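Asker: Have a look at this prediction, sequence included:
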Amino acid sequence: MNTDHLVTTFVEYFEERGHRRIVGSTLLPPPGDPVLFTTSGMHPLTPYLEGRPHPLGRRLVNVQRCLRTTDLDEVGDPTHLTVFEMLGTWSLGDYDGPLSLDWGHGLLTEGLGIDPGLLYATVHAGDERSGTGPDTASLRLWEDRGVPVELTVEDNWWSNGPVGPCGPDSEIFLWSGEGPPRSTPTRDDRWVEVWNHVTMSHRRLEDGSLVPLPRRNVDTGLGLERLASLLQGKPSVFECDVFDPWRAVVPALWPLDETSLRVVCDHLRSAVVVLGDGVRPANTGRGYVLRRLVRRVLTLLWRDDPSRGIGALPDEPVRHTLDRFRQDMPPGDVVRILLEEEHRFRRLLERGRQVLARPRFRGPLTREDFHYLHDTHGLPRELVTNLRQEPGSTARSTPPARPRGRGRTPRRSPPRE
C-alpha cells in the first residue's frame, strides 16, 4: 500500500463516519503564533479546540504537513523525519476517547489489514501528584478488543505546552520485529508508535494546577510515512515510497553510509518543502532552520569529498517533493537557492579557517571567544567546533561548556550558535 492509497483509505474511512475533510495548512503558522513551524495536525485547529465553532462541524479529518526542530538530532534513526505528514481526526465536543480508539482499531485491522496480534496499546495509569485518575474507559476498550495494554503515567499524558489544554492519551503501537511480538512498548523499541489518541479533558494553569475543560475534545495523530514504511515492510521511514525518487539518485551521486544517506535525503527533501512554503535562508528564525538543514547536508557530503556539491542534484526528486506538497515553485529555483547557500557556506568555512589559524584561537576557547567569533566574523559555535576538529587543525581540544541549566529553549527562534 503506497502513501497515496493510505491517505485515501484513512480519509474515506472517517468521512463514512461523519467527518468532514479540511485542507491542511502550510508549514508556516499564522502571524503572532509563538512557534516557528506547524508541528502537528492540531496546531492550526487550536482556536476550535479551545471552543470556537468550526464552520465544517464537530467531526474533522485532514492531512497536515509538519516540521519539528526538536527531532533534528533524531533524524537518521528508523522512525524520525524533519518534515512529515500527519493524518489527523478530531471530535470537537462530540464523541469521546473510547469511540475514537474503536474506530482506530477498526481502520488498522479491517481497513488496512493489520494482524490484530501485532498491536499493543498504552494507557494513562493516573497520577496522584496531579489528582488525575486512571483512564479506565480506554483500558476497558482495549481489553474488549483483545489488545494488550501497558499502563504509564507521564508517557500517556499529553499537553501542548506548560499551560493550556491537556489530558490522557492512548497510543497504538505496531510490532516491527522479526518473529512473534514480545515485551512491551516501554521495554522494546521494536514496538513502533503509529497513532496517538488524546482526550483533551483539562487545562493546566500557570501555577501547574489542572481544571476540567467545559468541553472535552479528542485529537488524534498518525504519522503517514511511519505507518507506510511498516505496511510496506521497510526497515525505516526513509525506504517508504515517498523517498523512492531521492534514494534513486542520491547514492549514485554521493556514496554515503546508511545513516548519512538518510540524513541527506531527509534534509534535502525538508529544505525543498520549507522553500516551497516561502522561507528563505537567514541567520534567525525559520530561515536559520533552513540554513542548518542545508549546512548539515553539505558537511556530510564534504566529509569524504570536498568537491561534492548540490549543483549535481537533478530536478526529478525536487519536482516529486514539490508536487507531493502541492507547491508551485519551479525546481530550478529551488536548486538555485540551495546552490547559493552552498557557495555562501564555502566562503564562510574558508574565512573561519583563516580566523581560527590566528595564534589567539589555537588554545581552548572561552565563552567570550565564541561570542566574538559569532558576532564579529559570523561563525556559529557549532561551525567553530567542527573546524577545530578538522585534520591538520592546530587548535587544542575545547573544554566542554559549563552547564546552562534546564530551562526551556525559547520557541520563537532556535539558537544561532
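Answerer: Perfect, I can see it now. Residues are numbered from 1 along each chain as shown.
Asker: show me where the stretch 51-200 of the chain has helices.
Answerer: Listed in chain order, the helices of the stretch 51-200 of the chain (DSSP state H, counting those that start in this stretch) span 97-106, 136-145.
Asker: tell me the most buried of those?
Answerer: helix 97-106 (a mean of 20; mean count of other CB atoms under 10 Å). Any C-beta I mention is one placed from the backbone N, CA and C, and that applies to glycine too.
Asker: Just the mean pLDDT for that one, thanks.
Answerer: For helix 97-106, the mean pLDDT works out to 98.
Asker: just stretch 186-202 next, same as before
Answerer: Mean predicted lDDT for stretch 186-202 stands at 95.
Asker: I figured residue 236 hits residue 81, correct?
Answerer: No. At 10.0 Å, residue 236 does not count as touching residue 81 under the criterion of CB atoms under 8 Å.
Asker: These two: which has the busier surroundings?
Answerer: Using other CB atoms under 10 Å as the criterion, residue 236 and residue 81 rank with residue 81 on top: 27 against 19.
Asker: picking that back up, adding distance to residue 276, write the helices of the stretch 51-200 of the chain out as TSV.
Answerer: Below are the helices of the stretch 51-200 of the chain laid out as TSV (distance: least, CB to CB, whole Å):
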stretch	distance to residue 276
helix 97-106	31
helix 136-145	39
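Asker: Quick check: which of the ones you listed is nearest to residue 264?
Answerer: Smallest distance to residue 264 across these (CB to CB): 34.2 Å, for helix 97-106.
Asker: which helices and strands sit right next to that closest one?
Answerer: helix 136-145, strand 164-175, strand 191-204, strand 210-223 (3 or more CB pairs under 8 Å, 6 or more residues apart in numbering; DSSP states H and E).
Asker: now these in CSV, with distance to residue 50?
Answerer: CSV is the format used below for the helices and strands packed on helix 97-106 (distance: least, CB to CB, whole Å):
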stretch, distance to residue 50
helix 136-145, 23
strand 164-175, 7
strand 191-204, 9
strand 210-223, 9
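Asker: Ok, which of these comes nearest residue 114?
Answerer: Of all those, the one in closest proximity to residue 114, counting by CB to CB, is strand 164-175 (6.8 Å).
Asker: So which other helices or strands are in contact with the closest one?
Answerer: Packing partners of strand 164-175 (3+ CB pairs under 8 Å, 6+ apart): helix 97-106, strand 119-124, helix 136-145, strand 157-159, strand 191-204, strand 210-223.
Asker: Next, give phi and psi for the spatially most central residue of the chain.
Answerer: Geometric centre of the chain, nearest residue: residue 68, 3.9 Å, by CA atoms, centre = their mean. Residue 68 adopts backbone torsions of phi -120, psi 110, taken as degrees, to the nearest 10.
Asker: right, and it touches residue 36 too?
Answerer: No. With contact defined as CB under 8 Å, residue 68 does not reach residue 36; the gap is 10.0 Å.
Asker: Please identify the buried residues of the lengthiest helix in the chain?
Answerer: Counting residues, the longest helix found in the chain (DSSP state H) is helix 331-356. For helix 331-356, the buried set under the neighbour-count rule, 16 or more other CB atoms under 10 Å, comprises 331, 334-335, 337-339, 341-342, 345, 348-349, 352, 355-356.
Asker: circling back to that earlier point, skipping adjacent residues, who's closest to the residue nearest to the centre of the chain in space?
Answerer: residue 39 (5.3 Å; CB to CB, 6 or more residues apart in numbering).
Asker: follow-up on the earlier one: quick one: the helices and strands packed on strand 164-175 as a markdown table, columns for distance to residue 311 too.
Answerer: Below are the helices and strands packed on strand 164-175 laid out as a markdown table (distance: least, CB to CB, whole Å):
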| stretch | distance to residue 311 |
| --- | --- |
| helix 97-106 | 46 |
| strand 119-124 | 47 |
| helix 136-145 | 53 |
| strand 157-159 | 44 |
| strand 191-204 | 37 |
| strand 210-223 | 33 |
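Asker: what's the closest of those to residue 259?
Answerer: Using CB to CB, the nearest of those to residue 259 is strand 191-204, at 18.2 Å.
Asker: Let me know the angle separating the closest one from strand 119-124.
Answerer: 20 degrees (axes from the mean of the first three to the mean of the last three CA atoms, to 10 degrees).
Asker: tell me the angle strand 191-204 makes with strand 164-175.
Answerer: Using the same axes, to 10 degrees: strand 191-204 against strand 164-175 is 170 degrees.
Asker: and strand 191-204, which strands flank it?
Answerer: Strand pairing for strand 191-204, determined by DSSP bridges: strand 164-175 (antiparallel), strand 210-223 (antiparallel).
Asker: and it, how far from the chain's centre?
Answerer: How far strand 191-204 lies from its chain's middle: 16 Å, per CA atoms, centre = their mean, to the nearest Å.
Asker: residues of that strand that come out buried?
Answerer: 191-204.
Asker: so how far is the least confident helix or strand in the chain by mean pLDDT from its chain's centroid?
Answerer: Sorting the helices and strands of the chain by mean pLDDT, DSSP states H and E puts helix 381-388 at the bottom, at a mean of 81. Relative to the chain's own centre, helix 381-388 is displaced by 26 Å; criterion: CA atoms, centre = their mean.
Asker: do the same with stretch 241-257
Answerer: Stretch 241-257 sits 21 Å away from the centroid of its parent chain (CA atoms, centre = their mean).
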